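Student: Please find the sequence and the predicted model below.
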Amino acid sequence: MANELNVSTDGLRTAAANSEITAAELAAEPAEGGQGTHPSQAGVAAILAAAQSVRARQSLRVSGQADDLSVSSARYDDTDSGGAEAITGTV
């Protein structure tokens, strides 16, 4: 068959777990920096705050994708098992 579909549910679960780790790392609070009264320190603080905002949004996105991978893996296992049982029952 030219268009075979090969799915590794273990691979999907591993990818989901790795994505959750990445999401947690992105959500971690960065080191304090840029505090003070000099304009350059205020600029650094603003950049760090913007970077943390981006990290928080990306963390949510990656975490959502990890959830999708976990659900997809479980659904594929259920569908594959059901198909195998149906074939076994007819043979």
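Tutor: Nice, I can see it.

Student: so what's residue 52 up against?
Tutor: Counting by C-beta atoms under 8 Å, 6 or more residues apart in numbering, residue 52 touches 29-30. C-betas here are computed from N, CA, C, even on glycine.

Student: Residue 30 versus that one, what's the distance?
Tutor: According to C-beta to C-beta, to the nearest Å, residue 52 stands 6 Å off from residue 30.

Student: cool, residue 18 as well?
Tutor: 21 Å.

Student: Pick out whichever of those two has more residues nearby.
Tutor: residue 18 (13 against 10; other C-beta atoms under 10 Å).

Student: Going by secondary structure, that one is in what exactly?
Tutor: helix 9-27 (DSSP states H and E).

Student: Show me what that helix is packed against.
Tutor: Judged by 3 or more C-beta pairs under 8 Å, 6 or more residues apart in numbering; DSSP states H and E, the packing partners of helix 9-27 are helix 39-90.

Student: Give me the mean pLDDT for the helix it packs on.
Tutor: The average pLDDT within helix 39-90 is 86.

Student: so how many other residues sit close to residue 6?
Tutor: As a burial measure, residue 6 scores 4 neighbours (other C-beta under 10 Å).
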